[in-house]
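# Generate coordinates for the sequence data below:
(4 chains)
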2 protein chains.
Amino acid sequence: MSKRRGPSLKTATAPELGAYTHICDAIALLFRPYAEVVLHDLTTETVVYLANPFSKRELGEPSLLHEIDFKPSDIIIGPYEKVNWDGRRIKSVSAVLRSDDKAIGILCINVDVSHFHAVMQTLNALVSVPQIAEKPVSLFKEDWHERINEYIQSWTRERGLSISEMNRVQKQQLVTDLAGDGAFGGRNAAAYISRVLGLGRATVYNYLKRKDPV
Amino acid sequence: MSKRRGPSLKTATAPELGAYTHICDAIALLFRPYAEVVLHDLTTETVVYLANPFSKRELGEPSLLHEIDFKPSDIIIGPYEKVNWDGRRIKSVSAVLRSDDKAIGILCINVDVSHFHAVMQTLNALVSVPQIAEKPVSLFKEDWHERINEYIQSWTRERGLSISEMNRVQKQQLVTDLAGDGAFGGRNAAAYISRVLGLGRATVYNYLKRKDPV
DNA sequence: GACGAAAAAGTCCAAATTGGACTTGACGGT
DNA sequence: ACCGTCAAGTCCAATTTGGACTTTTTCGTC
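This next block holds a predicted model:
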């Protein structure tokens, strides 16, 4: 019945946490391809198992628990929202695993909700009535990925274009406009924008240089 | 209240059909950006008005009514499904406009359902249980766009990749496999595949040549 | 079934883009 | 202040690209 799934998980021998790896697999299989499950060993504070990984986590890496401000008394942490390295939005929960009341591990479930956001956008475009002043809303966005996404969306909507059908000139113009509004401030913003626009990172820098030939 | 919408419609002076142009606009506005409305003049058999155009129709072009096997006795034609020049799927209805019982025009509404197909795919991936043999289903697909889409989907799913994150080698491999299964048979298939893979048309031919250096 | 027009298939190349390796710079922890 | 790490930005040979081009196929008409 249970097939060995080759490329979609990463294994390492684990202590008494071994029993939990199947739970990780089960969850990942159920929600495939949207869920990633990460098993942390608290004694070593490293990642000991990955099912359907899409973050850049690797086996044996430090768990970076402080990022989710984990306290040993916690039972469940979250749900909370993160941004993946490639800008996709992830919704997560973590459960603390105990043996004899001692915390030995953490099982962390990460769900990629980006496709569902796309769904909401499609439906929202159908349902919503065009608003005149929605600027204030966007100012509240904390994460610059979101701000850039919205900027690009409104930029393209205004001209009735979509990223995939834009030619070089139009993309260069968009890059220039983004730069003009300081979109390249966030860390890794250049890399992110280049990925979103379907350009090479080098190309983005070329465009920027071409517009600012100091 | 009513704003002039500049770039999103194309106008030509029309006879007594003029009254219908506002209806076209109204429908297009309501379903924007998913609906395109085309007004045909039956006396000249040409397109006289376009609201929110996304097909490549132009004003003054012949209506090509036989494509939808129009008979003057019809009141409503469809709904039926078409494939847009870029592979997007379109759902259409047409209403025959009459004056004194004489057919004078056709009002044709085209809805771009491709985004909704994407929505269904996202939800389907969440809901459905992996099937082993679904081949028979896909054999029934008549339109080669669909067949290619499915081929690419299962190809990428098998390897846990997505088109946007594939490198050149992987894309070349996919092109080769597509060619091996005769995917380049349909008309315009090469152009379509190149667009879907985010490659230039020339590049696809390069790949094909590189694999078949007769 | 031949003919011509129009579309698609395929070729070609100068110019643009790219991945990847590199150098430089910025930040954070100790 | 120092060091290690990661992002910013530069650079270049290899690859890809748009667009113009030629050849082939398709299709409607006679």
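# from here on, contacts and neighbour counts on C-alpha atoms
OK.
# For DNA strand D, what's its nearest residue on chain A.
Proximity of chain A to DNA strand D (C-alpha to the nearest atom of the strand) peaks at A:N188, 3.2 Å away.
# Look up phi and psi at that residue.
phi 70, psi 10 (degrees, to the nearest 10).
# three-state assignment of A:P130?
coil (DSSP: H, G, I helix; E, B strand; the rest coil).
# if I read this right, A:G78 contacts A:V96, doesn't it?
No: shown here, A:G78 and A:V96 do not form a contact pair, counting by C-alpha atoms under 8 Å, at 11.4 Å.
# So between these two, which is more surrounded?
Neighbour comparison, A:G78 and A:V96: the larger count goes to A:V96, with 21 against 13 (by other C-alpha atoms under 10 Å in any protein chain shown).
# quick one: contacts for that one?
Taking C-alpha atoms under 8 Å, 6 or more residues apart in numbering or on different chains as the contact definition, A:V96 lies against A:74-76, A:103-107.
# Of the residues you listed, which pair is most distant in space?
The distance between the two most remote of the contacts of A:V96 (C-alpha to C-alpha) is 13.7 Å, for A:I76 and A:I104.
# When those two are compared, which one has more neighbours?
Between A:I76 and A:I104, counted using other C-alpha under 10 Å, A:I104 has the larger neighbour count: 20 against 15.
# What helix or strand is that one located in?
Assignment of secondary structure by DSSP states H and E places A:I104 within strand A:102-112.
# ok, and what's touching that strand?
A:17, A:24, A:34-43, A:72, A:88-98.
# Could you rerun that using 7 Å?
With C-alpha atoms under 7 Å, 6 or more residues apart in numbering or on different chains as the test, strand A:102-112 has contacts from A:34-43, A:72, A:88-98.
# Can you say which of the contacts of A:V96 are buried?
Among the contacts of A:V96, the ones that count as buried by 16 or more other C-alpha atoms under 10 Å in any protein chain shown are A:103-107.
# Reformat the residues you listed as TSV; add pLDDT.
Conversion of the buried ones among the contacts of A:V96 to TSV gives the following (pLDDT from 0 to 100):
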residue	pLDDT
A:A103	83
A:I104	84
A:G105	86
A:I106	88
A:L107	92
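# so how far is stretch A:203-212 off the chain centroid?
27 Å (C-alpha atoms, centre = their mean, to the nearest Å).
# related to what we said a few turns ago, nearest to chain B, of the contacts of A:V96?
A:L107 (21.6 Å; C-alpha to the nearest C-alpha).
# Need the phi and psi values for A:A26.
Per-residue torsions, A:A26: phi -60, psi -50 (degrees, to the nearest 10).
# quick one, what contacts it?
No residues are in contact with A:A26 under the rule C-alpha under 7 Å, 6+ apart.
# and if you look at A:F184?
A:A190.
# tell me the contacts of A:G78?
Neighbours of A:G78 in contact, by C-alpha under 7 Å, 6+ apart: A:92-94.
# mind checking pLDDT for it?
With respect to pLDDT, A:G78 scores 77.
# Double-check that it belongs to a helix.
No: using three-state DSSP, the secondary structure at A:G78 is strand, not a helix.
# Against A:Y20, how distant is it?
20 Å (C-alpha to C-alpha, to the nearest Å).
# immediately after the helix ranked longest in chain A, which helix or strand?
Longest helix of chain A, by residue count under DSSP state H: helix A:144-159. Downstream of helix A:144-159, the next assigned helix or strand under DSSP H and E is helix A:168-180.
# Among the buried ones among the contacts of A:V96, which one lies nearest to A:L126?
The shortest approach to A:L126 among the buried ones among the contacts of A:V96 belongs to A:L107, at 38.5 Å (C-alpha to C-alpha).
# partners of the closest one in the sheet?
For A:L107, the beta-bridge partners are A:L39, A:A95 (DSSP bridges).
# hang on, the earlier thing: what's the angle between the longest helix of chain A and helix A:168-180?
Helix A:144-159 and helix A:168-180 meet at an angle of 130 degrees, taking axes from the mean of the first three to the mean of the last three C-alpha atoms, to 10 degrees as the criterion.
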